[in-house]
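Undergrad: Need coordinates for the following:
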Amino acid sequence: MKANPLVALGRAGQSPWLDYIHRGMIASGELARRIAEDGIRGVTSNPTIFEKAVSSGRDYDAQIGALARGGTKLLEAYKAIVTDDIRAAADVLRPVYDATRGDDGYVSLEVDPDLARDSKSTIVRARELFDAVGRPNVMIKIPGTKEGLPAVEETIAAGIPVNVTLIFSVRRYEEVADAYMRGVERRIAAAGDPRDVASVASFFVSRIDTAVDPLLLSTVERWPGSPKAGTALSLLGKTAVASARLAYARFLAIVGTPRWRSLAALGARVQRPLWASTGTKNPKYSDVKYVEELIGPDTVNTMPPQTMDAFREHGAVADTLSGAGADAKAVLDDFALMEPGIEEVCARLEEEGVKSFLDSYRKLLAAVERRMNTVSAG
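TA: Numbers count the residues shown, from 1 in each chain. A predicted model of the protein is given here:
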């Protein structure tokens with residue numbers, strides 16, 4: 001029998017997580033099967049995933065009906081539905097959490113997207129969600145916006161595991177890593193145990209190529225046959241992976257600093273880079289591009305089901321991160337010749353990401369409300 005490449009990822013030091021959640025897959029045993037057969041070590045969710053889950057099928061109708069008949073308000077109904085799914089998935093993953101001593105086995109739950117620019121409210125909501133789920137192996141997702149950074153620090157200091165999401169630029173990744181270390185330092189200073197808090201930094205990958213490739217093609221159209229056009233052609237499909245690889249190089253540099261080594265000596269866990277948005281959106285590229293090209297120790301790759309299935313079928317496992325920093329920097333140096341620059345592109349992607357999650361959150365609330373109204377009307 002052919003060896004499962006997903007399992008091989010674990011042996012290469014990368015944890016495969018599933019970027020999907022649905023009540024049916026938990027109840028049917030599909031999640032447990034994927035853990036056993038594919039070596040899945042975690043699950044991530046976001047408002048878009050929940051909106052699709054609630055809007056499709058009838059797995060949520062019984063609970064929504066009970067909430068409607070009980071007079072539950074919309075936001076409380078949403079909270080009940082989401083936390084029930086997260087709690088159930090966390091229970092399925094608890095053996096992974098125990099076996100890895102808290103390194104893996106997490107389910108991620110996002111703070112309400114309308115709080116992305118509100119540090120204080122994000123901190124309060126992170127605590128509320130963590131307490132509502134009532135499981136140690138839940139990670140609260142906080143966006144890596146400027147306003148999210150203080151919330152990351154505060155939440156880590158409070159001992160709550162955090163998945164910092166919507167990171168697009170290397171510069172922002174460095175700020176996220178610093179916020180995590182500040183939180184760990186505060187926890188230690190307050191006599192807290194740093195071993196009971198874990199974190200990942202979710203770097204969104206494929207969306208970068210989706211945004212950058214059209215800009216490169218427009219450069220080719222404006223200056224056909226020029227050296228600049230040649231450079232643009234050479235960069236197609238490379239900017240996203242280069243950005244992630246450079247972030248990984250910065251990760252390696254950070255964990256080698258005296259500051260981090262002193263925290264690690266006290267039991268602090270590394271904040272692993274997590275590759276998110278790894279489903280290939282351009283059909284011209286390999287359907288496992290953003291998995292195969294980002295494999296290395298101390299990382300996580302959270303894949304949508306179709307990407308995970310494709311990698312199981314024909315993925316190849318090799319360390320493609322270690323030692324790749326110099327080449328990645330060369331790609332981004334070449335991109336610096338283009339307009340707009342990478343930081344401008346990443347800032348726009350962050351804004352679009354916040355808006356996308358907010359739109360999905362509102363659609364999710366609308367879907368729950370429609371179901372509740374249908375039940376109330378008989």
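
Undergrad: switch to C-alpha atoms for all contacts and neighbour counts from now on
TA: Fine.

Undergrad: Of all the residues in the top helix by length along the chain, which ones are buried?
TA: Criterion DSSP state H: the longest helix present in the chain is helix 342-376. Neighbour counts over helix 342-376 (16 or more other C-alpha atoms under 10 Å) mark 342, 345-347, 349-350, 353-354, 357-365, 367-369, 371-372, 375 as buried.

Undergrad: I'd like the distance from it to the chain centre, please.
TA: What separates the centre of helix 342-376 from the centre of its chain is 16 Å, taken as C-alpha atoms, centre = their mean, to the nearest Å.

Undergrad: same question, stretch 322-335
TA: Put simply, stretch 322-335 sits 23 Å off its chain's centre (C-alpha atoms, centre = their mean).

Undergrad: Give me the contact list for that stretch.
TA: 231-232, 235, 238-239, 241-243, 245-246, 248-249, 296, 341-342 (C-alpha atoms under 8 Å, 6 or more residues apart in numbering).

Undergrad: Straight-line length of stretch 219-230, end to end?
TA: 9 Å (C-alpha to C-alpha, to the nearest Å).

Undergrad: Pull out the buried members of the contacts of stretch 322-335.
TA: Applying 16+ other C-alpha under 10 Å to the contacts of stretch 322-335 flags 231-232, 235, 238-239, 241-243, 245-246, 248-249, 296, 342 as buried.

Undergrad: where exactly do the helices run in the stretch 51-200 of the chain?
TA: 61-69, 74-99, 119-133, 148-157, 170-189 (DSSP state H, counting those that start in this stretch).

Undergrad: Where does pLDDT dip in the stretch 51-200 of the chain?
TA: 57 (pLDDT under 70).

Undergrad: Who are the contact partners of the nearest residue to residue 363 once chain neighbours are set aside?
TA: Closest residue to residue 363 apart from its sequence neighbours, by C-alpha to C-alpha, 6 or more residues apart in numbering: residue 51 at 6.5 Å. By C-alpha under 8 Å, 6+ apart, the residues touching residue 51 are 360-361, 363-364, 367.

Undergrad: out of those, who's nearest residue 275?
TA: residue 360 (21.3 Å; C-alpha to C-alpha).

Undergrad: Local confidence estimate at the closest one?
TA: Listed pLDDT for residue 360 reads 90.

Undergrad: ok so residue 294 is a helix residue?
TA: No. Going by DSSP: H, G, I helix; E, B strand; the rest coil, the assignment for residue 294 is coil, not a helix.

Undergrad: Report how many residues lie close to it.
TA: Using other C-alpha atoms under 10 Å, residue 294 is surrounded by 27 other residues.

Undergrad: How about residue 61?
TA: Neighbours around residue 61, by other C-alpha under 10 Å: 15.

Undergrad: these two touch, right, it and residue 371?
TA: Yes. Residue 61 lies in contact with residue 371 (C-alpha atoms under 8 Å); the separation is 7.3 Å.

Undergrad: still on that earlier bit, of the helices of the stretch 51-200 of the chain, which approaches residue 13 most closely?
TA: Among those, helix 74-99 comes nearest to residue 13, with 15.2 Å by C-alpha to C-alpha.

Undergrad: and that closest one, how far out from the chain's middle?
TA: 17 Å.

Undergrad: by how many degrees do it and helix 119-133 diverge?
TA: 70 degrees (axes from the mean of the first three to the mean of the last three C-alpha atoms, to 10 degrees).

Undergrad: which secondary structure elements does helix 74-99 contact?
TA: helix 23-27, helix 30-38, helix 61-69, strand 106-110, helix 119-133, helix 342-376 (3 or more C-alpha pairs under 8 Å, 6 or more residues apart in numbering; DSSP states H and E).

Undergrad: Tell me how many other residues crowd residue 28.
TA: Using other C-alpha under 10 Å, residue 28 has 10 other residues around it.

Undergrad: nope, residue 334 is what I was after
TA: Neighbour count for residue 334, taken as other C-alpha under 10 Å: 15.

Undergrad: State the distance from it to residue 290.
TA: Relative to residue 290, residue 334 is positioned 21 Å away (C-alpha to C-alpha).

Undergrad: What of residue 151?
TA: Distance, residue 151 to residue 290, by C-alpha to C-alpha: 29 Å.

Undergrad: between these two, which one's more packed in?
TA: Set residue 151 next to residue 290 and count neighbours by other C-alpha under 10 Å: residue 151 wins out with 28 against 24.

Undergrad: show me the contacts for the more buried one.
TA: 119-120, 122-123, 142.

Undergrad: Can you pick out the most distant pair from those residues?
TA: 120 and 142 (12.1 Å).
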